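Chemist: Sequence and computational prediction follow.
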Amino acid sequence: MGEETLFEYEADRSRSEIAAYLRALAAEIDGDGPVVFRDGEYAVAVGLPERAELDVEVEREYEDGTDESEFQIELEIEFEEGDEAGAERIDEPAEPAVGVQFSPDDEEHPEPSQGRFEVYRDRAGEWRWRLVHRNGNIIADGGEGYSSKRNAIKGLRSVQHNAPGAGVEEVE
């Protein structure tokens, strides 16, 4: 049985950054379309079936001949590739950027956000997004409802992508 790695990412990140990545991944998995993984150069789109096998494993590994050890938490989602499920590399991903991706690993890496994006269904059954501070206050929202969760996520990803460093302008 052969194996092909379509996407792999490894970097040292804070707990907060890892949690943000896992939240983004959960939103993608819960969405209507494929789960998209990005590394800054290319992307891999994974179509998930409605049901899959989830394997969670916590391991302790010991260094040979020493008392030193390290822990690993492994999350694995396994499914058969078929009509509704599969993976493919996307060489030119569409904008706005959707999918899960860590920021580039560099000296100017920003501090983790004090807020989180939430995607939810409103009373009318439309999907919306909002930015919530860690104290629970709503900082911003999308201002409109979307017909699908995926479109709501695209809207919030567009804000994330297009607003870093945005200036403030007073309008009278």
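Modeler: Right, received. Where do you want to start? Everything quoted here is computed from the prediction, not taken from an experiment.
Chemist: Every contact and neighbour count from this point should use C-alpha atoms.
Modeler: OK.
Chemist: helices or strands up against the longest helix along the chain?
Modeler: For the chain, the longest helix by residue count, based on DSSP state H, is helix 15-30. If you count contacts as 3 or more CA pairs under 8 Å, 6 or more residues apart in numbering; DSSP states H and E, helix 15-30 packs onto strand 35-38.
Chemist: Strands of this structure, residue ranges please.
Modeler: In the chain, the strands defined using DSSP state E lie at 35-38, 43-47, 53-62, 69-78, 86-90, 115-121, 127-133, 138-141.
Chemist: check contacts around Ile73.
Modeler: By CA atoms under 8 Å, 6 or more residues apart in numbering, Ile73 lies in contact with Val56, Glu57, Val58, Glu59.
Chemist: wait, I meant Gly115
Modeler: Gly115 is in contact with Leu131, Val132, His133, Arg134, counting by CA under 8 Å, 6+ apart.
Chemist: which residue sits farthest out from the middle of this structure?
Modeler: The centre of the chain is farthest from one residue, Gly65, which by CA atoms, centre = their mean lies 38.7 Å away.
Chemist: Compute the inter-axis angle for the longest helix of the chain and strand 43-47.
Modeler: Calculated by axes from the mean of the first three to the mean of the last three CA atoms, to 10 degrees, helix 15-30 forms an angle of 50 degrees with strand 43-47.
Chemist: buried stuff in stretch 137-148?
Modeler: Counting neighbours by 16 or more other CA atoms under 10 Å, one finds that the buried residues in stretch 137-148 are Gly142, Gly145, Tyr146, Ser148.
Chemist: Verify the stated contact: Phe117 with Arg134.
Modeler: No. Judged on CA atoms under 8 Å, Phe117 makes no contact with Arg134 at a distance of 10.5 Å.
Chemist: More neighbours: which of these two?
Modeler: In terms of neighbours (other CA atoms under 10 Å), Phe117 is the more surrounded of Phe117 and Arg134; the figures are 22 against 11.
Chemist: Setting aside sequence neighbours, what's the nearest residue to that one?
Modeler: Sequence neighbours aside, Leu131 is the residue nearest to Phe117 in space, at 4.5 Å (criterion: CA to CA, 6 or more residues apart in numbering).
Chemist: Look up the residues forming beta bridges with that neighbour.
Modeler: For Leu131, the beta-bridge partners are Phe117, Ala140 (DSSP bridges).
Chemist: Endpoint to endpoint, stretch 135-155 covers what distance?
Modeler: Start-to-end span of stretch 135-155 (CA to CA, to the nearest Å) is 23 Å.
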